[in-house]
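Engineer: Model the structure of this input:
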Amino acid sequence: MARSWLWTPTGSFLVPYIIMLFVEGMPLLYLELAVGQRMRQGSIGAWRTISPYLSGVGLASVVASFFLATYYNIINAWAFWYLFTPLGERPPPRGMKIGGGGLGLGARRAPRTPQWACRPRIRRPGLCVCMHVCPFFLGSSFLDSPGFSLKDVTPTPPPAANIEHLLPQKPWRQPMGFLQASQPGGGRPSSLPFLCARPHSRGGPPAYCPLWPSSTPLCLRQKVTEQVPRPCPTLPFPVCLQVLGPLCFGDQHPPIGAVPILPHPALRPLPSPVCVMLLLIPKDPLPWSVCPLNHNRTGYDEECEKASSTQYFWYRKTLNISPSIQDSGRVQWEPALCLVLAWLVVYLCILRGTESTGKVVYFTASLPYCVLLIYLVRGLTLHGATNGLAYMFTPKLEQLANPKAWINAATQIFFSLGLGFGSLIAFASYNQPSNNCQKHAIIVSLINSSTSIFASIVTFSIYGFKATFNYESCLDKVILLLTNSFDLEDGFLTPSNLEQVKSYLASAFPSKYSEVLPQIKNCSLQSELATAVQGTGLSFIVYTEAIKNMEVSQLWSVLYFLMLLMLGIGSMLGNTAAILTPLTDSKVISRHLPKEAISGLVCLVNCVIGLVFTMEAGNYWFDIFNDYAATLSLLLIVLVETIAVCYVYGLRRFESDLKAMTGRTLNWYWKVIWAGVSPLLIVSLFVFYLTDYILTGTLKYQAWDASQGQLVTKDYPPHALAVIGLLVASSTMCIPLVALGTFITRCFKRKGDTPPVA
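Structural biologist: Residues are numbered from 1 along each chain as shown. Below is the predicted model of the structure:
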């Protein structure tokens, strides 16, 4: 399902995708489920049972899964990074005036408000809302409550700050009285859901600290007429504040321990996940929504201005990408820590084997559907969503003759269903022998493909909004340029008469129009829609660019990256199961190491190798693994699997085994597909795949050029081509090499068992 979100079928691929589903995806899914359920072993043991010469098929699946797990978990690390980064440094606000009377050279800077003071983001009468405090968490009576004094709980402000004249005049009788007043009827403050508690250090009653989402202060009231930020006392406690305080306030947060913790019997502690959720409330604006200032603080960063804020955040802030794959650079510690966290989460999920994995899958599979439904409702209500949907469902018949369309559709089916990786065989080996695997194959394949199409509807509704937004922004810039250049009346130029006015201006003022012409952009909605991307560009550039233009973008950001994280973890559970099941089935390994140690070693090795993708050139190596580690090898693995079942093990024998297990006769449709259609189709795709690489010539990759703010095409260096060859050969060569080794071993055994001639 994660692959379904990173790649969604468009109008050009929808027809090949559906055809590949019924002639390749569904039959091969049934084949692998039946093999695993019949042999009751992992991929290596299952194919060894069919024939000792086929042990290399299972080994090739394990190698492909190992490569996939190595590079795929970096996507989860990036998702963690996008969740955590909004909690850090606040970017410059939208519409910030730069240069001239703003931050230009020689301009006088306005006095900077201390970060520990309350900055209202949402102004309501009588209420100071710090940073991102959601006003609906407050009771209505709080707005009409009298002020309260901080004589008993006054923080220690910076020496230069004088805040006495800002304090309210009417004190509360008790320090925590304002909490009770936040309820219409007083009593327990249930309208303050984010509360953290700790046991008293000396065994006394619990001490409680009310904590707002994404900030730790409880702000004072502020008069609407006063445009002066009000100070906020910080109520510290050992865990929540010491972690969240610096994140919310930066280096100028109030000193920890300035204010004592106030015990109050009316407050009750909430579960620890509530405190954890505080970390998931990002700041406004999102860090990828605006460009950062340059070093002189006289303008925006040049690279970001040439590209876009989302591209800059992805290539510079997240990847810190190098100009070429030759410049490896150093390991970026922020993505490296996120990668370690991602592997730690995976290890905890697979620690108990299928017992814990099954429980986790219920959550990782159900949550994305809930988020997709929310995004569907939101996406269909966005301006321009119909443009994206029309682009998606409009087939381009000329693309059907392009072999790449069929190769891409087949590759998507392979990845989305997990064919050839051995994970299906591993999971099916735990089924009961009487399980109806045919019904499960049909249901899973239909649900999976429906999810891909459903996700594509959500994707293209949002993508249509993004394309329409960019198209209309382009038109607005052209209209503004022509209006200012030719002194036209405001409102005279509109998108409807733009082309007519441009023709008139070109004929009436040819010299002046020729000077302005290089600055006029060619705005086209179809070109905006045709620039669709896949993979990481779709996940971390296109979606973030659309999210930043939505209302309440922080909420949509959290939902999206949580969904992406759940999809990635769910995929990783299948990948690791394909690796661990053959290892735990091996008596040599399981005799010396427990299952927990084997899982830990696999995660540790993958994590160490995955650190390559956190280097400055790591994204280039990620593309190499993504393009070559498990594409050509999967075609070969699945081809050998179908030939092995139909012609080595025997189709009639396999049919009788299925009837003995499930009590059902094998339908003619499965026989025809397994014995003829699927092998021929895979061979055709294999030939198309090799032909495409031969005709392409030297393999190329997309490198980020910071001076231009865009991607440029470069040739892979020799050492990168060598790695590509090793990735392809390491999995595909397992099949012939293991078969050859088995043949040689049997020959030596026969010679050793032959009695000497007298």
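Engineer: remind me, longest helix of the protein?
Structural biologist: Longest helix of the chain, by residue count under DSSP state H: helix 437-485.
Engineer: Sketch out the low-pLDDT regions of the protein for me.
Structural biologist: Where the chain drops to pLDDT under 70, the residues are 1-12, 87-284, 353-356, 532-535, 752-758.
Engineer: centroid residue for this structure?
Structural biologist: Residue closest to the mean C-alpha point of the chain, counted by C-alpha atoms, centre = their mean, is residue 564 at 4.0 Å.
Engineer: just checking, it touches residue 75?
Structural biologist: Yes: between residue 564 and residue 75 there is a contact at 7.5 Å, judged by C-beta atoms under 8 Å. Where C-beta positions appear, they are placed from N, C-alpha and C, glycine not excepted.
Engineer: Quick one: distance of the longest helix of the chain to the chain centre.
Structural biologist: 16 Å (C-alpha atoms, centre = their mean, to the nearest Å).
Engineer: Same check on stretch 617-637?
Structural biologist: Using C-alpha atoms, centre = their mean, the offset of stretch 617-637 from its chain centre is 19 Å.
Engineer: related to what we said a few turns ago, buried set for the following helix or strand past the longest helix of the chain?
Structural biologist: Going down the chain from helix 437-485, the next helix or strand is helix 498-508, by DSSP states H and E. Neighbour-count burial for helix 498-508, counted by 16 or more other C-beta atoms under 10 Å, picks out 501-502, 505.
Engineer: Which member of these is positioned nearest residue 627?
Structural biologist: Distance to residue 627, by C-beta to C-beta, is smallest for residue 502 among the buried residues of helix 498-508, at 42.8 Å.
Engineer: hang on, isn't the closest one packed against residue 482?
Structural biologist: Yes: taking contacts as C-beta under 8 Å, residue 502 lies within contact range of residue 482: 7.3 Å.
Engineer: between these two, what contacts are shared?
Structural biologist: Shared contacts of residue 502 and residue 482, defined by C-beta atoms under 8 Å, 6 or more residues apart in numbering, are found at residue 520.
Engineer: how many other residues sit next to residue 72?
Structural biologist: If you count neighbours by other C-beta atoms under 10 Å, residue 72 ends up with 25.
Engineer: List the contacts of it.
Structural biologist: Taking C-beta under 8 Å, 6+ apart, we find residue 72 in contact with 2, 568, 571-572, 575.
Engineer: Show me the residues you listed that map onto helices.
Structural biologist: 2, 568, 571-572, 575.
Engineer: Now the buried members of those.
Structural biologist: Neighbour-count burial (16+ other C-beta under 10 Å) is assigned, among the ones in helices among the contacts of residue 72, to 2, 568, 571-572, 575.
Engineer: can you redo these as a markdown table with distance to residue 380?
Structural biologist: Shown next, in a markdown table, are those (distance: C-beta to C-beta, whole Å):
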| residue | distance to residue 380 |
| --- | --- |
| 2 | 23 |
| 568 | 26 |
| 571 | 27 |
| 572 | 31 |
| 575 | 33 |
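Engineer: Pick the one among those closest to residue 81.
Structural biologist: Of these, the one sitting nearest to residue 81 (C-beta to C-beta) turns out to be residue 568, at 12.5 Å.
Engineer: Count the residues that sit near the closest residue to that closest one other than its chain neighbours.
Structural biologist: Nearest residue to residue 568 in three dimensions, chain neighbours excluded: residue 76, at 4.0 Å (C-beta to C-beta, 6 or more residues apart in numbering). Each residue near residue 76 was counted by other C-beta under 10 Å, and the total is 25.
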